[in-house]
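K.L.:
Sharing a model prediction with you, sequence too.
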Amino acid sequence: MTRNTFLDHVIAPLVLLLAGWIHADIGGNHSATPLPHDAVSRITSAHIPFVKNQGQIADPGVRFYARTFTGTVFVTSDTELVYALPSIAREGARASWAFQESFAGRQPTLPQGDHRRAVLVSSYMGDDPEGWMTALEAFDGVDLGEVYPAVRVALRATGNNVEKLFHVAPGGDVGDIDIAITGVEGIRLDSRKQLVLATSLGDIIFTAPIAYQLVDGGRQPVEVAYVLADEHHYGFSVGPYDTSRELVIDPLLASTYLGGHNPQPPGNYDDDIIYGMVAAGGDVYVAGATQSPDFPIHLGYDESLDSAWPDGFITRMSGDLTTVIASTYIGTEGSDRVTDIAVDNTGMVVAVGQGGYGFPVTAGAYTWSGSTPVGGGFVATFSADLSTLVASAVVTPSGYPWKVALGNGGVYFGGSTNSPDFPITEGAYLATCCPAGSFGIREYDGFAGKLSSDLGTLEAMTYLGGQTVSGIAVSPDGSVFISDGWDYAITGYLARFDSGLTTRPAHLSYYPGSSSGSSRTYFNDVAAGDGYVVTTGQTYMNDLPATEGALDTTCGTDGLCDGVGPLLVPRSDGFVAVYSDDLETTLALTYFGGSDHESIRSLTLADNGDIVVAGETTSADLPTAGNGADTGCGIDGQCDPTGPYSPVADGFVARLSPDLADLEYASYLGGSAEDRPLVVALDDAGLVYAAGYTVSVDFPATDGAFDTTFNGGTSDAFISWIDAAPEAVDMIFQDGLEVGDLSNWSGP
């Protein structure tokens, strides 16, 4: 197959074909202010499978392919390697590049999959089930066979590179290796002995090769270097080695002109945001949305992202965040995002979010039957390995779920809308909403619903009042607790509903009646126990009913939650509260914060009743505790690199005792600029995962990380893996990248 033929018949159609493919990547905060863009979640150390072409790619010449953060590599039946690199912005347009490697003078071989994965991959493109494909075989690598006499070539892919492993057996000749490159303007060696491929869009770099032999169970290094036969062919030269043993030569495709940001996303919609996260069964699921044209999708379906709207993704990773176990990408050419996920006791994954036109709906699933002017909300269930879309339903005409919870034999969901046309069920708590205000503009209202577990029946749908749903929890007695928290509302609430969402037996809001001068209290998350409910958020109230013996019984360091700085701008404090399930008794309540601003965005409960929270602060005196905790806010300890008028937030993670009397662990998390954890999850071992975004160019990174520098754009994502019981931060991923062991880290 010639390069032009391949590019014409495979690469070009893939720009469209992969727009409908599964995605092997990795609670949301609903705010009227646009969320930061380009929080790119790159788990670049992840092992990426090679997927076998079983008809999903029309050209039969493609035998396998792997999607990495540096592009897609295709393996043809003729043992050719074609690299389709991510598109980049150039002079107001998107530009792409592809090049091809072939083995000159090779022996005939047929590439074979190496180590078949138990987890399969799937495709759900569009709303026609006939176009969906499941159970596609995937392999840890590809064996190209004995390309030259006694020289076998194998391929491996990880998040950020593709390895060609040359295994030279006794009797093999390294000099036989002759690799021809087409599709580039020329090749050269740089001062670091790297192989540089010149293109009109920028240089592509293969790192300097390494070579070794296995001796007594260890690697014995062998001197090796690239050799250029001409401007389009390269091979290797090696130093002395034991020719009676196998020699391995390993060059990496380690860097390209890969970008990773979109400074001006069309439409100002969500761009590369992690919204949902669950730790279950030793693994971690993450979900979100992306709008960056060069978002590092692997096994994904839209490489060019030529739409102005975001797409959603779900990824299942190993608990140590090193391996992508399975991943799927679900969406349309319209606006799609996964805003929250849950995992049931069988391992099935439930996702909610926004679906664009033509969102896939499975046979027998509930479907909103009216008009859908701007895209509807969806609920979808996947098998534990993400290989099967079990069911998918469209539940709302506009507005969409932000939160999901499982219980009472079904799936609860809730969010915010300004549509008066929801499919409200008979007997619902509140049947109408959103009266038209000035200029006919409708205000937003919260809503909640319930689907049967098979997603076939809409069992409940109601408006709620308030502003949005920031959390849902189902208690052991079947009651449903819903929190309302939105930073710009008058105030929020915590409410208890019956299982059918028809009555509201209990409601808690601190408005009116406060003597503090400000009644704004936002309930940002909720969790339910047996006979009690836990909530968290932020407040401007001086007189919340803090309980005796609580960690902090006053708001701010002076007990006033009043304005700080020369402009006396009001600042909120975080709070954590435990109430009786009738919401009439405050069992425990503590403020949590310093002299400036705090907001707690997410909470989770440990098996022993401990409460783990994550959020942001601009207080330089936030209480910290635990060995290995970062005790300084930002690199200057002030949370403020720009002066007293523009403080910026640092993230924090904290763990409190069930009675809220003891701070068992608390740490700042971030660098000198803005850092905001949005979601927190706890695994079976008691380790905490926190995820969010950072704009700090000095977010803590350690030697040996894939990327220790800020990647540009407005922000990067991070995932932190924390031993908050109570001692240390074990590992941090910035941009989804492993940053390293921080157990002895004392601040950036």
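P.N.:
Yes, it's here.
K.L.:
wait, what's in contact with residue 366?
P.N.:
The contact partners of residue 366, taken as Cβ atoms under 8 Å, 6 or more residues apart in numbering, are 393, 394, 395, 451, 455, 456, 457, 458. Placement of C-beta: from N, CA and C, glycine included.
K.L.:
Please identify which two of these are farthest apart in space.
P.N.:
Comparing every pair within these by Cβ to Cβ identifies 394 and 457 as the most remote, at 13.9 Å.
K.L.:
Just want to know which of these two has more residues nearby.
P.N.:
Of the pair residue 394 and residue 457, residue 394 is the one with more neighbours under other Cβ atoms under 10 Å, namely 23 against 15.
K.L.:
domains for the protein, by residue range?
P.N.:
Per automatic domain parsing, the domain ranges recorded for the chain read 3-18+47-255, 262-288+308-402+411-432, 470-592, 610-743.
K.L.:
Output those domains in a markdown table; the columns should cover mean pLDDT and distance to residue 599.
P.N.:
Shown next, in a markdown table, are the domains of the chain (pLDDT from 0 to 100; distance: least, Cβ to Cβ, whole Å):
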| stretch | mean pLDDT | distance to residue 599 |
| --- | --- | --- |
| domain 3-18+47-255 | 77 | 32 |
| domain 262-288+308-402+411-432 | 79 | 17 |
| domain 470-592 | 87 | 4 |
| domain 610-743 | 66 | 5 |
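K.L.:
Distance of the residue lying closest to residue 546 once chain neighbours are set aside relative to residue 526?
P.N.:
Nearest residue to residue 546, sequence neighbours excluded (Cβ to Cβ, 6 or more residues apart in numbering): residue 553, at 4.0 Å. Between residue 553 and residue 526 the distance is 22 Å, computed by Cβ to Cβ, to the nearest Å.
K.L.:
Over to residue 361?
P.N.:
Distance from residue 361 to residue 526, by Cβ to Cβ: 30 Å.
K.L.:
what about these two, which has more around it?
P.N.:
Each of residue 361 and residue 526 has its neighbours counted (other Cβ under 10 Å); residue 526 has more, 26 against 20.
K.L.:
At which residues are the strands of the stretch 551-700 of the chain located?
P.N.:
Listed in chain order, the strands of the stretch 551-700 of the chain (DSSP state E, counting those that start in this stretch) span 573-580, 586-592, 598-605, 611-617, 650-656, 663-669, 675-682, 688-694.
K.L.:
Could you find the closest non-adjacent residue to residue 117?
P.N.:
Spatial nearest neighbour of residue 117, chain neighbours left out: residue 138 (4.7 Å); criterion: Cβ to Cβ, 6+ apart.
K.L.:
Measure how buried that neighbour is and give me the count.
P.N.:
Residues near residue 138, counting by other Cβ under 10 Å: 23.
K.L.:
Surely it and residue 49 touch.
P.N.:
Yes. Residue 138 is within contact range of residue 49, at 3.8 Å (criterion: Cβ atoms under 8 Å).
K.L.:
how many degrees apart are the helix or strand harbouring residue 537 and strand 573-580 in direction?
P.N.:
Using DSSP states H and E, residue 537 falls within strand 532-539. Angle between the axes of strand 532-539 and strand 573-580 is 160 degrees (criterion: axes from the mean of the first three to the mean of the last three Cα atoms, to 10 degrees).
K.L.:
Renumber starting at 752 from here on
P.N.:
Okay, using 752 as the starting number, the last item reads as strand 1283-1290.
K.L.:
Switch the domains of the chain over to JSON lines; also include distance to residue 1353.
P.N.:
Below are the domains of the chain laid out as JSON lines (distance: least, Cβ to Cβ, whole Å):
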{"stretch": "domain 754-769+798-1006", "distance to residue 1353": "26"}
{"stretch": "domain 1013-1039+1059-1153+1162-1183", "distance to residue 1353": "9"}
{"stretch": "domain 1221-1343", "distance to residue 1353": "5"}
{"stretch": "domain 1361-1494", "distance to residue 1353": "4"}
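K.L.:
if we can go back for a sec, between the strands of the stretch 1302-1451 of the chain, which gets nearest to residue 1129?
P.N.:
Nearest to residue 1129, of those and by Cβ to Cβ, is strand 1426-1433 at 19.8 Å.
K.L.:
report the angle between the axes of the closest one and strand 1439-1445?
P.N.:
Using the same axes, to 10 degrees: strand 1426-1433 against strand 1439-1445 is 160 degrees.
K.L.:
Strand 1426-1433: partners in the sheet, and parallel or antiparallel?
P.N.:
Sheet partners assigned to strand 1426-1433 using DSSP bridges are listed as strand 1439-1445 (antiparallel).
K.L.:
what about dumping the CA coordinates of the strand it pairs with to PDB?
P.N.:
C-alpha atoms of strand 1439-1445 as PDB (Å, rounded to 0.1, in the frame of the first residue of the first chain):
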ATOM      1  CA  VAL A1439      -8.500   9.700  48.700                       C
ATOM      2  CA  TYR A1440      -8.700  10.800  45.100                       C
ATOM      3  CA  ALA A1441      -9.300  14.500  44.400                       C
ATOM      4  CA  ALA A1442      -9.600  16.000  40.900                       C
ATOM      5  CA  GLY A1443     -10.000  19.400  39.500                       C
ATOM      6  CA  TYR A1444      -8.000  22.100  37.600                       C
ATOM      7  CA  THR A1445      -5.000  24.300  38.100                       C
END
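K.L.:
all strands of the stretch 1102-1251 of the chain, in order?
P.N.:
1127-1133, 1140-1147, 1151-1158, 1161-1168, 1196-1203, 1209-1216, 1222-1225, 1231-1235, 1244-1248.
K.L.:
Can you convert those strands into CSV and add a column each for distance to residue 1363?
P.N.:
Putting the strands of the stretch 1102-1251 of the chain into CSV (distance: least, Cβ to Cβ, whole Å) gives the following:
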stretch, distance to residue 1363
strand 1127-1133, 26
strand 1140-1147, 31
strand 1151-1158, 18
strand 1161-1168, 22
strand 1196-1203, 25
strand 1209-1216, 27
strand 1222-1225, 15
strand 1231-1235, 17
strand 1244-1248, 19
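K.L.:
neighbours around the residue nearest to residue 1297, how many?
P.N.:
15.
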